[in-house]
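K.L.:
how would this look folded up:
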Amino acid sequence: MQVVAVDIGGTHARFALAEVAGGRVVSLGEPVTLKTAEYGGFQTAWEAFGAKVGQPLPRAAAIAVASPISGDVIKLTNNPWVIRPPLIKERLNVDEFVLINDFGAVGQAVAQVDHGDFLHLCGPDVPFAKTGVLTVCGPGTGLGVAQVLRTQDRYHVIETEGGHIDFAPLDALEDAMVKRLRKAYTRVSAERIVSGPGIVAMYETLADIEHRSITRLDDKAIWTAALEGKDSLAVTAADRFCMSLGSVAGDLALAHGANGVVIAGGLGLRLKDHFTRSGFAERFSAKGRFQNRMAAIPVKLITHPQPGLFGAAAAYAQEHTQ
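P.N.:
The predicted structure is shown next:
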């Protein structure tokens, strides 16, 4: 059957037609990306997608939203749209729908995409085991964390708030970053360090250590300078970001009892060339008495271009086509 897959973020809403059967995604069509600022709400953006498709839309929707899913009114964090789940069938003219958190959709994608949609980062270069727990973490505006529990015949995606565990500094630079952030936040969580905005504290701390006078930049400017290689301090900050992410990913894997780890998110994909030369692998494994166990865990980056759309469709397939 066909379903409309939707991935709604703060800036963009992405739509695609997907085919699902037997609990899985058979195919995902070409995505259409709309700017949320150009539409008054989800319903009008849905209608705009229908106009672009040029045919009646399927009467089924799989919707991933960058917001907690609870209650009768969902207000998106960085988007003025309001979604009312009890009215979705009527407003979108659908018979069935699934509404999930955007990182829950990423977990669904991790469970269903092909082995070729992963890029090896460290540990054994082998496919993930068919059973056991996968830890999924995705640095972006925040730090999303999920578990994918796989058994012989099915899987379960468990959304968590693992990004809000305490950050554990391992050297003098990270001590200095935590000290800097503690002035603004009483408690410094992992998300304050290993999310997109965390690069600012790294950049400014490095500047302090080198007694540099710098212009204050936002996280987007620092990431651009780092990825273009135009600012050595920004490049170093990006490498340190990867090291800290390795530490946090390793902590999460230990806590979850994972036999595989997936790094997700747009920022993770942009950093793919930094991971192998940044110290990420060494930090991931540096868990004292568990170092050998950590070194035996395959760690991969999901490279599927639309994990949110794919995962939304996968969630619908699991619920309605088993």
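
K.L.:
and the longest strand for this structure?
P.N.:
strand 12-21 (DSSP state E).

K.L.:
and that strand, what does it pack onto?
P.N.:
For strand 12-21, the elements it packs on are strand 2-8, strand 24-28, strand 32-35, helix 42-53, helix 307-320, judged by 3 or more C-beta pairs under 8 Å, 6 or more residues apart in numbering; DSSP states H and E. Just so you know, the C-beta spots here come from the backbone N, C-alpha and C atoms, and that holds for glycine as well.

K.L.:
Now do the longest one and strand 12-21, the angle between them.
P.N.:
Orientation check (axes from the mean of the first three to the mean of the last three C-alpha atoms, to 10 degrees): helix 307-320 against strand 12-21 gives 40 degrees.

K.L.:
counting contacts, what elements does helix 307-320 pack onto?
P.N.:
strand 2-8, strand 12-21, strand 24-28, strand 60-65, strand 96-101, helix 102-112.

K.L.:
How about the third one?
P.N.:
Applying 3+ C-beta pairs under 8 Å, 6+ apart, one finds that strand 32-35 makes contact with strand 12-21, helix 42-53.

K.L.:
Just the CA coordinates for the first one, please, in CSV.
P.N.:
Same thing as strand 12-21. Extracted in CSV, the C-alpha atoms of strand 12-21 (Å, rounded to 0.1, in the frame of the first residue of the first chain):
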residue,chain,number,x,y,z
HIS,A,12,11.6,22.4,6.6
ALA,A,13,8.8,19.9,6.1
ARG,A,14,9.7,17.0,3.9
PHE,A,15,7.1,14.8,2.1
ALA,A,16,7.3,11.7,0.0
LEU,A,17,5.2,8.8,-1.2
ALA,A,18,6.2,5.5,0.2
GLU,A,19,5.2,1.9,-0.5
VAL,A,20,4.9,-0.4,2.6
ALA,A,21,4.1,-4.0,3.0
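
K.L.:
just the angle between the longest strand of the chain and strand 2-8, please?
P.N.:
Going by the same axes, to 10 degrees, strand 12-21 makes 150 degrees with strand 2-8.

K.L.:
Now tell me what touches strand 12-21 from outside.
P.N.:
Residues outside strand 12-21 that contact it (C-beta atoms under 8 Å, 6 or more residues apart in numbering) are 1-8, 25-36, 39, 42, 45-46, 49, 53, 57-58, 62, 306, 308-310, 313-314, 316-317, 320-321.

K.L.:
ok, of those, which come out buried?
P.N.:
2-8, 25, 28-29, 31, 34, 36, 39, 42, 45-46, 49, 53, 57-58, 62, 306, 308-310, 313-314, 316-317, 320-321 (16 or more other C-beta atoms under 10 Å).

K.L.:
hang on, the earlier thing: out of the helices and strands packed on helix 307-320, the one nearest residue 141 is which?
P.N.:
Closest to residue 141 of the helices and strands packed on helix 307-320 is helix 102-112 (C-beta to C-beta; 10.7 Å).

K.L.:
Surely residue 174 is in contact with residue 241?
P.N.:
No - counting by C-beta atoms under 8 Å, residue 174 does not reach residue 241; the two are 11.1 Å apart.

K.L.:
Common neighbours of those two, please.
P.N.:
Common contacts of residue 174 and residue 241 (C-beta under 8 Å, 6+ apart): residue 193.

K.L.:
Redo the helices and strands packed on helix 307-320 as a markdown table? Include distance to residue 299.
P.N.:
Below are the helices and strands packed on helix 307-320 laid out as a markdown table (distance: least, C-beta to C-beta, whole Å):
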| stretch | distance to residue 299 |
| --- | --- |
| strand 2-8 | 25 |
| strand 12-21 | 27 |
| strand 24-28 | 24 |
| strand 60-65 | 24 |
| strand 96-101 | 23 |
| helix 102-112 | 13 |
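
K.L.:
Nearest to residue 137, out of the ones you listed?
P.N.:
helix 102-112 (9.3 Å).

K.L.:
From the rest of the structure, what touches the closest one?
P.N.:
So helix 102-112 is contacted by 7-9, 24-25, 64-67, 100, 134, 136, 138, 144-148, 150, 155, 157-159, 262, 264-265, 302, 304, 307-312, 314-315, 318 (C-beta under 8 Å, 6+ apart).
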